[in-house]
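>>> give me the fold of what follows.
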Amino acid sequence: MNRPAVLFPLLFLIVALAFAADVAFGPVTVSWKEILAALGGSWGNGGDGAASTIILREFRLPRAVAALCAGAGLGVAGFLLQTQFRNPLAGPAELGISSGAGLGVAALLLVEPLLPAALLNALGPWPLAATAALGAAATVALVMVLSARLWDSASLLLAGLMIASACGAVISLMQYFSEAAQLKAYALWGFGGLGGVTWAQNGVLALCVAAGLTVSWMLSRPLYATLLGDSAAAALGIPVRRFRLLTLAAASLLSGVVTAFCGPVAFVGLAVPHLARFCVRGSDPRLVQPACMLIGAALLLICDGLSHFPGRDAVLPLNAVTSLFGAPTVLYFLLRRARSA
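Here you go, the predicted model:
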């Protein structure tokens, strides 16, 4: 049996069902007829129908689209980092990349009151995405420098933890000199979540994630060659240094822009690559990357749906739900890896 021919249609179906469930279920009951009417562009003409379609258009659909993009981006970013550093525990949060993106967001929020309002309105969501991606890229550059000297996984992860702690210290100093409104904005962002993502932000998020996924897909063949080692890849004619920069730039863009708009989302970038390799039964990036994209999107859609479980007025923290899925998954694959070693 051709495994990918069965696996990928199944994953597409799971993503579609998870997207539909995330849109349909929540504290307010919305019928499938109203959902189809909203998706078809008929937003209702009054009464309950108008209220339900406003809920769909302004809250649930943007949230589901953000989950779709963020899950796909984080899944592929985690795979790129784990492959590049040859470390099964590498991920945007574990290497301090999410903290670097958070530092960029905090810097923007600090200087935002000093910038002209007309300029901020003209630029829209782009400054937030740019500062987060730059913060993530700076952290990746530092991790690259350290990885040349720290060969074992434990030391590299410890270095990532130290980078995250340093970024947290700088953010704390920024908060000390910030106004109350800035502190509140950063605190709300730090909780992580998809409910505050607007359609304008979704446009930037989707564009940046699409660019990062396109670059990562173009690098699939050389990425497969580097699994044999840098020397073997260079012997095959791959410019290893340029390839590594492009790979880490794509990972920085994906993790940075997702962190900018959705806050620090835990465990998705770490757990999804393990699930993808398990599903495709191998490490071929031409199969693992699409699997990461689909599994990451499905996982975040499911977690977001569970955080807005029907019958509850309160919304659960998204990171709490992703951690409940991600932590046991990573632990299982680490134990499985230890048994097979």
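
>>> for the protein, where's the lowest mean pLDDT among helices and strands?
helix 47-55 (a mean of 65; mean pLDDT, DSSP states H and E).

>>> which secondary structure element contains the spatially most central residue of the chain?
By Cα atoms, centre = their mean, the chain has its centre lying nearest to L74, at 3.1 Å. Under the criterion of DSSP states H and E, L74 resides in helix 61-85.

>>> helices or strands up against that helix?
helix 3-24, helix 199-218, helix 220-226, helix 240-262, helix 268-280, helix 285-307 (3 or more Cβ pairs under 8 Å, 6 or more residues apart in numbering; DSSP states H and E). Every residue, glycine included, has its C-beta placed from N, CA and C.

>>> C-alpha coordinates for the first one, CSV please?
Only the C-alpha atoms of helix 3-24 are listed here, as CSV (Å, rounded to 0.1, in the frame of the first residue of the first chain):
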residue,chain,number,x,y,z
ARG,A,3,1.3,5.1,2.6
PRO,A,4,1.4,8.8,1.6
ALA,A,5,-1.5,8.2,-0.8
VAL,A,6,-3.6,7.2,2.2
LEU,A,7,-2.0,9.4,4.9
PHE,A,8,-2.2,12.9,3.3
PRO,A,9,-5.9,12.7,2.2
LEU,A,10,-6.7,11.5,5.7
LEU,A,11,-4.8,14.4,7.2
PHE,A,12,-6.5,16.9,4.9
LEU,A,13,-9.9,15.4,6.1
ILE,A,14,-8.9,15.8,9.8
VAL,A,15,-7.8,19.4,9.2
ALA,A,16,-11.1,20.2,7.4
LEU,A,17,-13.2,18.6,10.2
ALA,A,18,-11.1,20.3,12.9
PHE,A,19,-11.6,23.7,11.2
ALA,A,20,-15.4,23.1,10.9
ALA,A,21,-15.6,22.0,14.6
ASP,A,22,-13.6,25.0,15.7
VAL,A,23,-15.9,27.4,13.9
ALA,A,24,-19.1,25.5,14.9
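
>>> so for that helix, what gets flagged as buried?
4, 7-8, 11, 14-15, 18-20, 22-24 (16 or more other Cβ atoms under 10 Å).

>>> picking up where we left off before, please report how far the residue nearest to the centre of the chain lies from T83.
Distance of L74 to T83, given as Cβ to Cβ, to the nearest Å: 15 Å.

>>> same question, L123
Counting by Cβ to Cβ, the gap from L123 to T83 is 34 Å.
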